[in-house]
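Engineer: my questions are about this predicted structure, shown below with the sequence.
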Amino acid sequence: MILLTNRKDFGFLEPLPVWNARGGGATQSSSHIQSMNLVCCRKELVECGALSPERDLYLGKLALSKSPKSPETWIHRRWVLLHLLQKAPPADQNQTDAERSRLLGEQLAQTLQQEMKVCAAAACRYPSNYNAWSHRIWVLQRLAKGNVKVFLDELSSMRPWVSAHVSDHSGFHYRQFLLQELSGAMAPPAGCSSNGERSAGEEPPHDLPVVQQLFCHELELVSDLIRSFPGHETLWSHRRHVFFLWHRWKEEHPGDGGDEGGDPAEGAPTRTTQTSAGVPMEVEGGCSSDPQDIKRLRRGVPLPQPPTSQTEHVFVSGLLDGC
């Protein structure tokens, strides 16, 4: 057996009888002990080079197909990813710095995409899989920190999923994390004063409308879901948190919230029948207009307004009147 053989060959301590190769599983009676022992042995195999990190990630993927909520498996997977990232491939003398950076970027993107698929599969197999969603957040923080494009794509691609899982609190918590990270990354530059004036020679803050659109579109999404499923507590909890994030962002950036001279809306927020599900927003080179906003302008429909206390009261009153 490979585990016992390598423990002896590399001078480890007493071999642990945790793996039955023919049976394909651990032989310990306690599932927790067997998981911890197996994880320790796999770490030793990865460190000594007997098991490649890529192969171990594949084994972890198979394990998650049976136990999608196993905390030991997710913790070990993060350890393997860190080991893989720290172990850079050897440099080729004929390879330029640009080529090496490109290859590392491709490897990083491939790893990121792979982890997103693993997390999505585990979230579908086990409802409210907190461990899977926490791992997804950890992967973004490690592999895509500061990459606004990746975060926007994630926010857009997750719309169909949360629409089909309206009771999954962990999935909506993931969207709250994305909104918080994006609103911080797209904040106006430090050179902007609180009244919106710019320092000399500074470019205008193009990202401000995008921040407002992010919260408006999120409120539109949760409004449509609440109208269809008014009794789900997860949706109301998510709506409260989005409302909180928006007003906290306005407090941290006074004068930058798009509301000139008071509340930006005096009535109910505009509800549209179309959404931009699955369409990532491009932000390279500045703020590009959202296709749905262009359609609204052509039809003469005003753009959605940021949430206010008055609009929330109108929304809730409308729902209660319809009950």
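Structural biologist: Structure's in. What do you need? Numbers count the residues shown, from 1 in each chain.

Engineer: next, the buried residues of stretch 311-323.
Structural biologist: Neighbour counts over stretch 311-323 (16 or more other C-beta atoms under 10 Å) mark 311-312, 314-315 as buried. C-beta: built from backbone N, CA, C; applies to glycine.

Engineer: return the subset of those lying in helices.
Structural biologist: 311-312, 314-315 (DSSP state H).

Engineer: number of nearby residues for residue 181?
Structural biologist: A count of nearby residues for residue 181, using other C-beta atoms under 10 Å, gives 20.

Engineer: same question for residue 252.
Structural biologist: Neighbours of residue 252 under the rule other C-beta under 10 Å: 12.

Engineer: which helix or strand in the protein has the lowest average pLDDT?
Structural biologist: Lowest on mean pLDDT, DSSP states H and E among the helices and strands of the chain sits helix 291-299, with a mean of 45.

Engineer: now the buried residues of stretch 311-323 as CSV including pLDDT and distance to residue 211?
Structural biologist: Below are these laid out as CSV (pLDDT from 0 to 100; distance: C-beta to C-beta, whole Å):
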residue, pLDDT, distance to residue 211
311, 73, 18
312, 70, 19
314, 73, 23
315, 72, 21
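
Engineer: now do the SS call for the nearest residue to residue 125 once chain neighbours are set aside.
Structural biologist: Excluding its sequence neighbours, the residue lying closest to residue 125 (C-beta to C-beta, 6 or more residues apart in numbering) is residue 68, at 4.3 Å. Using DSSP: H, G, I helix; E, B strand; the rest coil, the structure places residue 68 in coil.

Engineer: begin at 847, not 1, for the rest of this chat.
Structural biologist: Noted, 847 is the first residue going forward, which turns the last one into residue 914.

Engineer: ok, residue 914 touching residue 975?
Structural biologist: Yes. Counting by C-beta atoms under 8 Å, residue 975 is a contact partner of residue 914 at 5.9 Å.

Engineer: which residues do the two both contact?
Structural biologist: Shared contacts of residue 914 and residue 975 (C-beta atoms under 8 Å, 6 or more residues apart in numbering): 968-969.

Engineer: got the contact list for the helix or strand in which residue 928 is found?
Structural biologist: Under DSSP states H and E, the secondary-structure element containing residue 928 is helix 917-932. Identification of contacts with helix 917-932 by C-beta under 8 Å, 6+ apart yields 878, 881-882, 885, 888-889, 892-893, 899-900, 902-903, 906, 909-910, 913, 957, 961, 964, 977-978, 980-981, 984-985, 988-989.

Engineer: what subset of those residues is buried?
Structural biologist: 881, 885, 888-889, 892, 899, 902-903, 906, 909-910, 957, 961, 964, 977-978, 980-981, 984-985, 988-989.

Engineer: where does pLDDT dip in this structure?
Structural biologist: Scanning the chain for pLDDT under 70 picks out 847-884, 934-943, 946, 1034-1054, 1101-1156, 1159, 1169.

Engineer: same thing but 90
Structural biologist: For the chain, residues meeting the criterion pLDDT under 90 lie at 847-899, 930-954, 991-993, 1029-1060, 1062, 1076-1077, 1092-1169.

Engineer: which stretches of it form strands?
Structural biologist: Ranges of strands in the chain, per DSSP state E: none exist.
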